[in-house]
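# following is a predicted model, sequence given first.
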Amino acid sequence: QVHLVESGGGFVQAGGSLRLSCAASGNIFRINNMGWYRQAPGNQRELVAEVASGGDTAYANSAKGRFTISSDNAKDTVHLQMSSLKPEDTAVYYCKAIVSFGGSTSMYQYWGQGTQVTVSS
């Protein structure tokens with residue numbers, strides 16, 4: 001079993017910054033990809049940013065230039081530095097990890113419990 005523990009959400013005024021962190025634990029052989037998604041009320045869950053094990057990153061257009069994703073492979077942790085936050089960034093942010101076990105090529109997806117980010121205007 002894999003557990004993803006998120007931290008760093010909260011309340012911030014527009015233009016402010018927050019840093020989200022997600023730590024993975026469990027009998028993980030390899031983390032192939034970690035990312036952040038968000039879901040606002042009434043909306044579908046959407047990708048914010050992700051980072052592959054090799055370091056390649058991808059961002060939603062809404063996040064480009066404002067958010068930075070980084071990983072600490074030694075600690076199985078991913079961070080999302082969010083700057084110039086806007087009210088439309090308000091959502092529950094979820095961490096996702098795609099992992100492998102025991103050297104197998106099979107990959108499994110896990111989600112964190114989510115952390116609320118609220119940006120006031």
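It's in. Numbers count the residues shown, from 1 in each chain.

# element containing the residue nearest the centre of the chain, please.
Closest to where the C-alpha atoms of the chain average out (C-alpha atoms, centre = their mean) is Trp36, at 2.4 Å. If you go by DSSP states H and E, Trp36 is part of strand 30-39.

# what residues does that strand touch?
20, 22, 24, 45-53, 69, 71, 73, 76, 78, 80, 89, 91-100, 107, 114, 117 (C-beta atoms under 8 Å, 6 or more residues apart in numbering). Quick note: C-beta positions are derived from backbone N, CA and C, even for glycine.

# stretch 47-58 now?
30-38, 59-60, 62-63, 67-71, 73, 78, 80, 93, 96.

# which residues sit in contact with the closest residue to Leu4 other than its chain neighbours?
Leaving aside its sequence neighbours, Leu4 sits nearest to Gly112 (C-beta to C-beta, 6 or more residues apart in numbering; 3.7 Å). By C-beta under 8 Å, 6+ apart, Gly112 lies in contact with Leu4, Val5, Glu6, Cys22, Tyr94, Cys95, Lys96.

# now Gly112: phi and psi?
Gly112 adopts backbone torsions of phi -80, psi 180, taken as degrees, to the nearest 10.

# for the helix or strand where Gln81 lies, which strands pair with it and how are they oriented?
Using DSSP H and E, Gln81 sits within strand 77-82. Take DSSP bridges as the rule and strand 77-82 pairs in its sheet with strand 18-26 (antiparallel), strand 67-72 (antiparallel).

# no further queries at this time; thank you.
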